[in-house]
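Novice: Quick one, structure for this:
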Amino acid sequence: MTRHQRQIRRAQLLRIFAQGMLFLTLLMLSGIVIFILASGLPHINMQLLFGDYGKYPSIKPALLGTLSLTLLALVIAAPIGIGTALFLTEYTRTRSHLIRAIRIASETLSGIPSIVYGIFGYLVFAVALGFKYSLLGGGITLAIMILPLVVRSTEESLLAVPQSLREASLALGASKVRMIFTIVLPCAMSGILTSLILAAGRVISESAVLILTIGMVVNKMPESLMSPGTSLALDVYYFGSNGYPEQAAATGVVLLIVMIGINLLAVFLGKVFGKGELMHG
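Specialist: Residues are numbered from 1 along each chain as shown. Predicted coordinates:
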């Protein structure tokens, strides 16, 4: 067997191994999804989804709490994250010490366990600032947690915009601000929206942070952002640990459907805005 034949054989074996690992991963993922759906779908009903919490549990407070937390976290994190990414890509030198320090800090924050963010949120917002258990404290803490993801993803999207488009816009007499808002941001919009949607998915699936910042009031609708509350992820934990296994499984199905919907929305918007960017370019 020649050297070329041995290289081809190794490449074929590596390809077979990779395909096998992919099949195994898809098999495990499919098994988990099928198990959750089979366990929870029969127990989903109108009382669970939209009924008042009384004799029978309901996830209506969790739906409102999850929506409030997601919107609050994105409203805070999106402008800060996008502005930071614009500063890093458009107003600083790539190899400056400031850029290195910001990137090291961002990567460090992205690697911190979520429970640490929860402790930080509890000590700062619930205790030091007097928010106590509240949706506001939880939303701000979640915004801090997803900020590194938004910054890094937005920065990568902005860097993917060809430098020639910036130079052409400036050569035609456009100011730097006009160039950013008419050329750079529209071209990077698909990546920015995708990063925000994926960040929203992380907010919805989070539980450790929320236990320490919003409490776990599952039987009462929150009256304001200063009220304690709950979320879908917290309801799964609460129902499962307090003798409601059927409701826990059903809530898990709702959470799974929401997460799948968010990922499909990210893919769809990426394709739509990707076509728009291509036409724009």
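Novice: only C-alpha atoms for contact and neighbour calcs from this point on.
Specialist: Noted.
Novice: from the chain's centre, how far out does the host helix or strand of Gly31 sit?
Specialist: If you go by DSSP states H and E, Gly31 is part of helix 3-40. Centre-to-centre, helix 3-40 and its host chain are 26 Å apart (C-alpha atoms, centre = their mean, to the nearest Å).
Novice: for that helix, packing partners?
Specialist: Counting contacts by 3 or more C-alpha pairs under 8 Å, 6 or more residues apart in numbering; DSSP states H and E, helix 3-40 packs against helix 245-280.
Novice: List the buried residues of the helix it packs on.
Specialist: Neighbour counts over helix 245-280 (16 or more other C-alpha atoms under 10 Å) mark 245-256, 258-259, 262-263, 265-266, 269-270, 273-274, 277 as buried.
Novice: One more: stretch 162-177?
Specialist: For stretch 162-177, by 16+ other C-alpha under 10 Å, it's Arg166, Ser169.
Novice: which residues sit against that stretch?
Specialist: For stretch 162-177, contacts defined as C-alpha atoms under 8 Å, 6 or more residues apart in numbering pick out Met179, Ile183, Val184.
Novice: distance of the last one from Thr66?
Specialist: Val184 sits at a distance of 33 Å from Thr66 (criterion: C-alpha to C-alpha, to the nearest Å).
Novice: Select from the contacts of stretch 162-177 the one having the most neighbours.
Specialist: Sorting the contacts of stretch 162-177 by how many neighbours each has (other C-alpha atoms under 10 Å) puts Val184 first, at 24 neighbours.
Novice: can you pull the contacts of that residue?
Specialist: For Val184, the contacting residues are Leu158, Val161, Arg166, by C-alpha under 8 Å, 6+ apart.
Novice: Mind doing that once more with 7 Å?
Specialist: Val184 makes contact with Leu158, Val161 under the criterion C-alpha atoms under 7 Å, 6 or more residues apart in numbering.
Novice: those helices in the stretch 101-250 of the chain, which residues are they?
Specialist: 114-121, 135-159, 163-171, 176-179, 185-205, 208-213, 232-241, 245-280 (DSSP state H, counting those that start in this stretch).
Novice: Ile214 reaches Gly139, doesn't it?
Specialist: No: applying C-alpha atoms under 7 Å as the test, Ile214 and Gly139 come out as separate, 8.8 Å apart.
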